[in-house]
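K.L.:
Only the shape, not the letters, is given here:
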């Protein structure tokens with residue numbers, strides 16, 4: 001009992017976690033269409049909502065007209081240069097140099113007009129806001145007619161490909177945890193067992209006894225409590241097997257137990273056995 005509750009690396013202080021992508025439009029405008037619903041699954045590349053395209057279509061036509069004008073100017077400058085080259089003996093050197101300069105300026109103007117046209121096309125394309133990852137729409141409050149500024153997050157997308165479990169282990173148990181160790185996972189309120197393996201361990205945690213002081217000097221708390229609680233170290237656990245019908249929601253509470261890895265098992269590929277995780281274990285030792 002002492003080995004199980006004190007020495008063996010297990011904890012009920014674990015959570016299901018996932019990365020949350022803040023979806024922000026790249027252009028400003030009025031929302032014209034919303035193509036998803038709250039809590040709906042989406043795939044990478046799916047259109048989430050559209051911003052009114054009329055303004056961007058007009059800007060694209062303007063850039064195309066300007067591009068056509070720059071092409072005509074360059075063609076005229078090249079014809080003038082050809083004529084000067086044909087009668088080089090009867091034109092001044094200054095006129096020939098001016099013709100070359102006119103061609104160079106027309107080419108630069110054409111390059112600028114081409115870039116403007118590409119930017120207008122990009123803005124038109126970005127008026128359709130697409131999902132950057134596979135995930136689930138969360139807390140959708142956006143409505144048609146809302147004005148959305150560029151760069152401001154208006155929608156949250158939970159990246160379902162990043163679902164994982166993070167266990168917060170006491171520092172006294174960390175030496176018994178190794179990368180690749182198999183892990184048994186029990187979600188609170190669910191009878192099915194999940195399996196995974198230790199993916200990584202946090203490299204640092206916050207030092208609550210030390211803060212930044214004035215003059216860039218360390219500010220250390222002068223008080224010291226003789227009863228010291230073990231610090232919690234986040235351990236990231238990758239999921240290997242999720243039983244069918246198990247609904248993973250970021251934020252769920254979990255109990256995790258790091259199992260002994262066979263000596264000949266490769267790191268990261270160790271299968272998880274059916275070792276039970278106690279549903280109501282005793283309080284973890286401080």
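P.N.:
Okay, I see it. Since the model is a prediction, treat every value here as computed from it, not as a measurement.

K.L.:
How about stretch 246-254, which residues are buried there?
P.N.:
248, 250, 252, 254 (16 or more other CB atoms under 10 Å). For the C-beta atoms, the positions are set from N, CA and C on the backbone; glycine is no exception.

K.L.:
Sorry, slip of the keys, the one I care about is stretch 187-205.
P.N.:
For stretch 187-205, by 16+ other CB under 10 Å, it's 187, 193, 194, 195, 196, 197, 198, 199.

K.L.:
Repeat that for stretch 228-235.
P.N.:
232, 233, 234, 235.

K.L.:
Quick one: mean pLDDT for that stretch?
P.N.:
The average pLDDT for stretch 228-235 rounds to 90.

K.L.:
picking up where we left off before, tell me the one of the buried residues of stretch 228-235 nearest residue 30?
P.N.:
Residue 30 lies nearest to residue 234 out of the buried residues of stretch 228-235, by CB to CB, at 42.4 Å.

K.L.:
follow-up on the earlier one: what's the closest of the buried residues of stretch 246-254 to residue 216?
P.N.:
residue 250 (37.8 Å).

K.L.:
Now the closest one: closest residue in space that isn't a chain neighbour?
P.N.:
residue 18 (4.1 Å; CB to CB, 6 or more residues apart in numbering).

K.L.:
That neighbour and residue 165 touch, don't they?
P.N.:
No: counting by CB atoms under 8 Å, residue 165 is not a contact partner of residue 18; they are 10.3 Å apart.

K.L.:
Of these two, which one has the most company?
P.N.:
Legend: neighbour count by other CB atoms under 10 Å for residue 18 and residue 165, higher for residue 165 (23 against 19).

K.L.:
For that one, pull up the helix or strand it's in.
P.N.:
For residue 165, the host element (DSSP states H and E) is strand 164-170.

K.L.:
between the following helix or strand past that strand and strand 164-170, how many degrees?
P.N.:
Going down the chain from strand 164-170, the next helix or strand is strand 182-187, by DSSP H and E. In terms of direction (axes from the mean of the first three to the mean of the last three CA atoms, to 10 degrees), strand 182-187 departs from strand 164-170 by 100 degrees.

K.L.:
Can you tell me the strand partners of strand 182-187 and which way each runs?
P.N.:
strand 193-201 (antiparallel), strand 253-258 (antiparallel) (DSSP bridges).

K.L.:
What average pLDDT does the strand holding residue 165 get?
P.N.:
Rounded mean pLDDT across strand 164-170 is 94.

K.L.:
Contacts for that strand next, please.
P.N.:
9, 11, 13-18, 177, 183, 185, 194, 196, 199, 230-239, 254, 256, 284-285 (CB atoms under 8 Å, 6 or more residues apart in numbering).

K.L.:
again with stretch 237-255
P.N.:
So stretch 237-255 is contacted by 10-12, 14-18, 20, 158, 160, 163-167, 183, 185-188, 190, 192-199, 256, 271-272, 277-279, 281 (CB under 8 Å, 6+ apart).

K.L.:
and the residue nearest to residue 250, what is it in contact with?
P.N.:
Counting by CB under 8 Å, 6+ apart, residue 18 touches 158, 159, 160, 162, 163, 164, 250.

K.L.:
By neighbour count, which of the residues you listed wins?
P.N.:
residue 158 (21 neighbours).

K.L.:
That residue belongs to a strand, doesn't it?
P.N.:
Yes: counting by DSSP: H, G, I helix; E, B strand; the rest coil, residue 158 is found in a strand.

K.L.:
Beta-bridge partners for it, please?
P.N.:
residue 20, residue 136.

K.L.:
show me the contacts for it.
P.N.:
Counting by CB under 8 Å, 6+ apart, residue 158 touches 18, 19, 20, 21, 135, 136, 138, 250.

K.L.:
Tell me the first helix or strand C-terminal of the helix or strand hosting residue 107.
P.N.:
Per DSSP H and E, residue 107 falls inside helix 93-126. Following helix 93-126 in sequence order, the next helix or strand is strand 128-130 (DSSP H and E).

K.L.:
Okay, buried residues for that next one please.
P.N.:
129, 130.

K.L.:
what does stretch 174-186 give?
P.N.:
Those buried within stretch 174-186 under the rule 16+ other CB under 10 Å are 174, 177, 181, 182, 183, 184, 185, 186.

K.L.:
Adding distance to residue 73, write those residues out as JSON lines.
P.N.:
As requested, the buried residues of stretch 174-186 are arranged in JSON lines below (distance: CB to CB, whole Å):
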{"residue": "174", "distance to residue 73": "71"}
{"residue": "177", "distance to residue 73": "70"}
{"residue": "181", "distance to residue 73": "70"}
{"residue": "182", "distance to residue 73": "71"}
{"residue": "183", "distance to residue 73": "69"}
{"residue": "184", "distance to residue 73": "73"}
{"residue": "185", "distance to residue 73": "68"}
{"residue": "186", "distance to residue 73": "73"}
